[in-house]
Each structure stands twice: as structure tokens, then as C-alpha cells.
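> Model the following, please.
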Amino acid sequence: MGTEFRNLVELYEASVTRFAENPLFGTGHADGWSWMSYHDFGEQVDFARAGFVGLGLEQGDRVAAISDNRIEWAVGAYATYSLGAAWVPMYEAQLSKEWEFIIGDSGAKIAIVADDGIRAQLEDHHDMLPALEHVIVINGEAGGDAITWAELLARGAESPVPAIHPDSEDLAGLIYTSGTTGNPKGVMLSHGNITSQINGFPDLFPITAEDRFASFLPWAHSFGQTLELHFMIAAGASAGLTSARTLMEDLPKIMPTILVSVPAVYNRVYDGLQKMMAAKGGAKKALFDLAMANEKKRAALAAAGKTTRWVEVQHGLYDKLVFSKVRKGFGGQLKYSLSGGAAINVEVAEFISALGMTVYEGYGLTETSPVSSGNWPGSRRLGSVGREIPGVRIDIDTDVTGDPLIGEIVIHGPNVMMGYYNLPEENEKVFTADHGFRSGDLGYKDEDGFIFIRGRIKEQYKLENGKYVVPSPIEEQLQLSGYVTNIMVYGEQRPYNVAVIVPDMEALTKWAEKHGLADLSEDELLESEKVSDLYQREIDRLSGSIKGYERVKGFVLEEEEFAPENGMLTPSLKVKRRAVMERYGDDIEKLYEKK
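Next up, the predicted model:
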């Protein structure tokens, strides 16, 4: 793009001017999709900014938002930035006590909420939020301290105010970490933190105004906010607004060229295609298997800098007969598939890439705005999270582990956060003397500078025999089973690992119908010895790459899915291990008693 942005206000103003007539946001309706232009977006930002001033918002104040992705979210964020105030986003799926904590901790003066239901819950916490003066309801009614979004814009249209251009070091927003243990921590990201990401990425992934995103990752999370929202606007590109629930249905309509995703989506594609081919069987299954085998051979040859005419001829044939039809389900236009937020399984990445939708995995944290390393065209190694992005340096602190190769990942660069809000003791724990950020992740670099992640230090535990285990890679491997929805592996100070498994009940029910168990209820299925044998076979099948002492040697099947709503997943879909143990600890204990 050639422009070095110092703050997010410069970024949005430049794009609104340069790409005024281009489409920006698309929203689906019963009769099709409608698109908002950059010009209209800029006009709404102007109205919202003036509306905020009318409510008493000043430079340095906080605006909270409880909403899933929508146009009003983006308008509110950029209006906040252009007053030198800070944006504090939250998820609709969070518990109301978490909203109360974040609004109270940040001292937000204004809260924008998705609907009347959320407004009512905030009113229940009114006495605990003395700094909160106004609530703005996007889809709902006015009343009390609340006004509607439409009223905010109408007020602002009558009294325009100029934008403030913050310094690069000024606070742009507080993004609260998921809080797998304890209260969330407010990560302070400056305008310079975020724009350092935008300024560096075009050299790795050239994006133009002709590109289109399918936007479903929550902007309340740093990954979706930076790579879907800010990066897209800086490039003059567009985005169809969808959700994880409707993504696969909307992709053919949006026809994205860029998909920024988390591994769970690619896992779903992998699982769905495997199930579909197994169900079809016969010639179609055989053709699919031949196509995949040829792609594996093609990839192996490419890694060695070779190819053969026969492999390429077959590739062209299989691409036409098989893979192009799969890509059509993604809209048929994908150039880049970016994966982050968690490690993607190598088998899944190989599978998706073989379909002609190359996956580029990256790494980062909310505290690093978020991207610190990545794979990109011309620099890609499966299983790794790539090399450092421009301007970032990653060190491996082996003193933490005593291992000469594997250690804690320490990140240096302009993307490293200002610090945790109001938590000086936490800042002392995570910053090195030269403001490097201790990630809490274990990893190593290979001889070519590619970085490999081996899990979270705080998740690592020791078995009874003294061997260390990091459970997340084991969980990712076992979750490749089409019969598993959620899994948590446990074994701290125990002789071996066990697991809590939540079955994919749809897949399990279909299996039961084929194996004489159709009359059983869901509870009876989970108690069935035949079902237990099925899951043991799945564990055995997928454990080939898992070390012997790490393997799961007992499990319990539970019906309730891990979800943010029941407190067993964070809003960014990480397992809250403490919550799962509180729920199923007695069942886990019984597994050891049986052995």
C-alpha cells in the first residue's frame, strides 16, 4: 500500500477518501446482499463521533461495546478512535458478570449494546458501574439512560465535530483477555501497536481494493479485529459480514478472495469431507482417494524442488473433477487462507492445501496486536508458525525449561502492548528489561528460522513418573475424529492421561443406527460398551504420532458441549480447564479408581 499510518484515524480517513465509491461492508438479507460504500461508512463515523461528543465523551475516555460483528461496531470503533478515546469491545456470548467487570475495570463512560436484552442485564448491574453514564442500543428501544443507535447518529448529523488525530503512543483500545483462570486482563494497545501490523503486512500478503473477505471472526478479539477489520479497510477491500454458524452457507454468496480463520473451521471442512466421502463410498470415494494421494506426492516433490509431467497431468484432471467442486463451496475465488488463534493440525493443513486452498499459519497473542510470526507466499513450512514478521524479533528463552532447544517465546517489536491496565504486578511478570513480552508459550526455531509452538507453559503438567505433558497438541490430534466435538486431556501428578470427551451426537447417532443401537437414548448410547469401544478405536487410530507416555488410557463421555455460555470455553473458544475439572472432576477420579 506504500503508506505508513501513525494511527487508526489516518488509516480510515485515507481509505474513505481514496475508495469512496467502493463497497466496504455487505450484509445478507432474505432477498440478497446489500453493500455499504466507504463514503457512507465515513459519513456514519462522522455522525457517531459528533453524537458521542453530545453525550459528553472526551479524549481519554472509554467506550465499551457488547455486540457481535456488525456495521455499527466498526462505526463506533472508528468514531471512538477519532475522538482520542479508547474502544473496549466484548462478546455477546460472555457472562453478564464479565461485562460488569470489564465495564467497571475500564471505567467506560458509554456502552453500546446489541439489543434490549443486553441493556436489561446491564441495568441489573447499574449500581456497580458508577462511571457508566449512557447506554446506546443498536436494535432496541430508548429509555432511562439509554438512547438508540439511530438517535445517536441523528443527533450527530446536526452538530458535526472535527476528528482528533491521536499520537502513535496513545491508547487505541483495551482488549480483555479471555481469562481461562481468574478475571480478564485489559490489554492496552496503542494506535502504533496496531498500525505497525498494518504497515508491515502488504509486503507479505499483497491485498488490493478488489479483494473480499468473509468476515466471521469476532472483532472483539485481536486476531479478527486487526486482520479482518483494520487490514481490510486500509487496503480498500470489502467484507461480507457472516458468522461461524452461517459461514459455510454464506461463502458461495460472498465469494471471498481472503479467508481469515481459526483451525476449527478447517477442521470442520476436513471432518465434513471425510464423512461425506465415506458415506458415498464406491467410485466417488475411490476417485477422491486417488486425487488426495496424487496431491501428497505432488507436495513431496515440490518440497524437494521437483515435479513430474505425469503428476501434473493428474493434478489438472483431479482438480477439474474433484477439487474445483470443493472450492466452489468456498466461493471459488480464494487466494489466501490465513489461520491463527490456535495451532492447526498438520494433517488438516495438508488436506486443505491439497484442495487448492493453501493455508498460511501465523502466531501471536492479544498482547502482540496480535501477529508476531507467519507463513506467507514463498516462505511456508507446514507445522510451523512461520518466521518473524518485519520489525519483530522472537527469542527463545531456554533458561525457563533447561532444554537447549525448546524454551519460552519472547517477542520484541512495535506490536508489543503498552501493558495490562491497572495491573503493574502482572506487567512485571511478563516484560523483560527491554520490553520484550514473555508469551507463556513453549517453542523452538529450526535452522531456517521457522518457529514451532509446543503449547502453553501454564498448561504443562508433570505425570506421576516425572515426565512433562502439554495437553493441547494431544487434544488437537484426537479432535480430528469425526465422532468428537470437544475433548480435554488431564493427568497432572497421575500415572497416565485420561480425557473428557463430548461426542458429536449427530455422527454418533448415525453410527448407532448402522450398528443395531438405534433404539437407545442419548444417555444410553454414552453408557454403551459398543460406543466405548468405538471411541477407544478412534483414540488408538489417531495416537500414532503421540508419545507412549502421553497417550490417553481412559475417558469419560459427556453430553453437554463445552461452550462460552456454560463457562467451559472462553469467548475465543479456548478450553477453561479449571471449569471443566469442576464439572467433571468426580468422573475423572472414577477413571483412575477403575484402573
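
> what stretches of this protein score poorly on pLDDT?
1-2, 179-181, 595 (pLDDT under 70).

> So which residues make contact with the longest strand seen in it?
Longest strand in the chain, counting residues (DSSP state E): strand 437-445. Identification of contacts with strand 437-445 by C-beta atoms under 8 Å, 6 or more residues apart in numbering yields 365, 367-368, 385, 394, 396-397, 401, 405-412, 416-417, 429-432, 451-458, 460, 470. Where you see a C-beta, it was placed from the backbone N, CA and C, and this is true even at glycine.

> Sitting in helices, which of those do you find?
Counting by DSSP state H, the part of the contacts of strand 437-445 found in helices is K429, V430.

> So which of the contacts of strand 437-445 belong to strands?
394, 396-397, 407-412, 451-456.

> now that we have the residues you listed, which one has the most neighbours?
Within those, most neighbours by other C-beta atoms under 10 Å means I409, with 28 neighbours.

> what's the distance between the closest residue to that residue other than its chain neighbours and T226?
Computed as C-beta to C-beta, 6 or more residues apart in numbering, the closest residue to I409 that is not its neighbour in sequence is S439, at 4.4 Å. According to C-beta to C-beta, to the nearest Å, S439 and T226 sit 17 Å apart.

> now K445, which residues is it bridged with?
Legend: beta-bridge partners of K445 under DSSP bridges are I451.

> Can you mark which positions in stretch 312-331 are buried?
Of all the residues in stretch 312-331, those buried under the rule 16 or more other C-beta atoms under 10 Å are Q314, H315, Y318, D319, V322, F323, V326, R327, F330, G331.

> Same question for stretch 79-99.
Those would be 79-94, 98-99, for stretch 79-99 by 16+ other C-beta under 10 Å.

> Those in strands, which ones?
Using DSSP E, the buried residues of stretch 79-99 in strands are A86, W87, V88, P89, M90.

> Relative to L11, which of the residues you listed is nearest.
Nearest to L11, judged by C-beta to C-beta, of these is W87 at 14.0 Å.

> And for the helix ranked longest in the chain, what's in contact with it?
Under DSSP H, the helix in the chain containing the largest number of residues is helix 282-303. With contact meaning C-beta under 8 Å, 6+ apart, helix 282-303 is reached by 277-278, 307-308, 311-312, 314-315, 318, 321-323, 350-351, 353-354.

> what about the helices in the stretch 1-150 of the chain?
For the stretch 1-150 of the chain, helices defined by DSSP state H, counting those that start in this stretch occupy the ranges 8-18, 38-54, 71-81, 96-106, 116-124, 149-158.

> and what of the stretch 451-595 of the chain?
Using DSSP H, counting those that start in this stretch, helices in the stretch 451-595 of the chain cover 471-478, 505-514, 522-527, 529-542, 577-594.

> again with the stretch 201-350 of the chain
222-224, 231-235, 247-254, 263-280, 282-303, 309-318, 324-328, 346-354.

> still on that earlier bit, of the contacts of helix 282-303, closest to L251?
Distances from L251 to the contacts of helix 282-303, taken by C-beta to C-beta, are shortest for F323, at 15.6 Å.

> my guess is the closest one contacts G356, does it?
Yes. Taking C-beta atoms under 8 Å as the definition, F323 is a contact partner of G356 at 4.9 Å.

> that older thread, need the max-distance pair from the ones in strands among the contacts of strand 437-445.
Applying C-beta to C-beta across the ones in strands among the contacts of strand 437-445, the maximum distance is between H412 and G455, 21.8 Å.

> related to what we said a few turns ago, what's the neighbour count on the residue nearest to I409?
23.

> From L251, how far off is S337?
12 Å.

> related to what we said a few turns ago, quick one: which of the ones in strands among the contacts of strand 437-445 is nearest to S572?
Among these, and counting by C-beta to C-beta, the member closest to S572 is R456, at 13.6 Å.

> just checking, that closest one touches E475?
No. The criterion here is C-beta under 8 Å, and R456 misses it with E475 at 11.9 Å.

> Grab the nearest non-local neighbour of G42.
Using C-beta to C-beta, 6+ apart, the closest residue to G42 is V16 (3.4 Å).

> State the distance from that neighbour to Y38.
5 Å.

> so the residue nearest to G42 makes contact with D40?
No. Contact criterion C-beta under 8 Å: V16 and D40 do not qualify, at 9.5 Å.

> Those two - which one has more neighbours?
V16 (23 against 17).

> for the more buried one, what are its contacts?
So V16 contacts Y38, H39, F41, G42, V45 (C-beta under 8 Å, 6+ apart).

> Go again with 10 Å.
Shown in contact with V16 (C-beta atoms under 10 Å, 6 or more residues apart in numbering): 22, 24, 37-43, 45-46, 78, 233, 236.

> circling back: so the longest helix of the chain versus helix 263-280, what angle?
Here helix 282-303 runs at an angle of 140 degrees relative to helix 263-280 (axes from the mean of the first three to the mean of the last three C-alpha atoms, to 10 degrees).

> and the gap between the nearest residue to P89 once chain neighbours are set aside and H435?
Computed as C-beta to C-beta, 6+ apart, the closest residue to P89 that is not its neighbour in sequence is A220, at 3.9 Å. Separation of A220 from H435 (C-beta to C-beta): 26 Å.

> related to what we said a few turns ago, adding distance to R155, write the ones in strands among the buried residues of stretch 79-99 out as CSV.
Below are those laid out as CSV (distance: C-beta to C-beta, whole Å):
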residue, distance to R155
A86, 22
W87, 20
V88, 22
P89, 23
M90, 24
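
> quick one: which of those is nearest to G341?
Top of the list for closeness to G341, among these and by C-beta to C-beta, is P89 at 16.0 Å.

> For the closest one, name its beta-bridge partners.
A65.

> surely it meets I112?
Yes. The pair formed by P89 and I112 meets the contact definition of C-beta atoms under 10 Å, at 9.3 Å.

> joint contacts of those two?
Joint contacts of P89 and I112 (C-beta under 10 Å, 6+ apart) are V63, A64, A65, I66, S67, W73, G76, A77.

> how about the third one, what does it touch?
The one in question is A65. With C-beta under 10 Å, 6+ apart, A65 has these contacts: 72-73, 76-77, 80, 87-91, 108, 110-114, 136, 138, 219-220.

> Quick check: it vs I102, distance?
10 Å.

> now do the fifth one
Here the criterion is C-beta to C-beta. By it, S67 lies 13 Å from I102.

> got any residues that touch both of those two?
The contact lists of S67 and I102 share P89, M90, where a contact means C-beta under 10 Å, 6+ apart.

> Now that we have the contacts of V16, which of them are buried?
Looks like the contacts of V16 have 22, 24, 37-38, 40-43, 45-46, 78, 233, 236 buried, using 16+ other C-beta under 10 Å.

> could these be laid out in JSON lines, adding distance to N183?
Shown next, in JSON lines, are the buried ones among the contacts of V16 (distance: C-beta to C-beta, whole Å):
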{"residue": "N22", "distance to N183": "42"}
{"residue": "L24", "distance to N183": "36"}
{"residue": "S37", "distance to N183": "41"}
{"residue": "Y38", "distance to N183": "38"}
{"residue": "D40", "distance to N183": "39"}
{"residue": "F41", "distance to N183": "35"}
{"residue": "G42", "distance to N183": "37"}
{"residue": "E43", "distance to N183": "39"}
{"residue": "V45", "distance to N183": "32"}
{"residue": "D46", "distance to N183": "36"}
{"residue": "Y78", "distance to N183": "28"}
{"residue": "I233", "distance to N183": "32"}
{"residue": "G236", "distance to N183": "39"}
